[in-house]
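> Next come a sequence and a model predicted from it.
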Amino acid sequence: QTGVSIEAPVGAITMSAYYRQLGLTGFADADLYGVGVAYDLGGGAAFKAGIVDKDGDTLADAGVTFSF
């Protein structure tokens, strides 16, 4: 497998993107790419969301994380 990713902080927002190519023996190859965003809410909390495309299937998620 090979992949590349980049992350760029812009104030309280961190944007990210990646591309990954999987070549698995005995399984179908897969190309994945996605983008994400994280917003620092302060006090150890952050809102995070992302979207990924895997060979035409699109997946998305969003939520709040807490760090203590």
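All right, it came through fine. Just so it is clear, the structure is predicted and the values come from calculations on it, not from any experiment.
> Could you list the paired strands of the lengthiest strand in the chain along with their orientation?
Determined from DSSP state E, the single longest strand within the chain is strand 30-42. Paired with strand 30-42 in the same sheet, following DSSP bridges, are strand 13-22 (antiparallel), strand 45-54 (antiparallel).
> Rebuild these as CSV, extending it with mean pLDDT and distance to V37.
Every C-beta, even on glycine, is put in place using the N, C-alpha and C of the backbone. Shown next, in CSV, are the strands paired with strand 30-42 (pLDDT from 0 to 100; distance: least, C-beta to C-beta, whole Å):
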stretch, mean pLDDT, distance to V37
strand 13-22, 94, 5
strand 45-54, 95, 6
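> Looking at those strands, spot the one closest to D31.
D31 lies closest to strand 13-22 among those, at 5.5 Å (C-beta to C-beta).
> And that closest one, how far out from the chain middle?
5 Å (C-alpha atoms, centre = their mean, to the nearest Å).
> that older thread, I would like the residues contacting the longest strand of the chain, please.
12-22, 24, 46-55, 64 (C-beta atoms under 8 Å, 6 or more residues apart in numbering).
> buried set for that strand?
32-34, 36, 38 (16 or more other C-beta atoms under 10 Å).
> Now do it: distance to the chain's middle.
3 Å.
> If we ignore the residues flanking it in sequence, what's nearest V64?
In space, and not counting its chain neighbours, V64 is closest to F47: 5.5 Å by C-beta to C-beta, 6 or more residues apart in numbering.
> Report the contact partners of that neighbour.
Counting by C-beta under 8 Å, 6+ apart, F47 touches 38-39, 41, 62-64.
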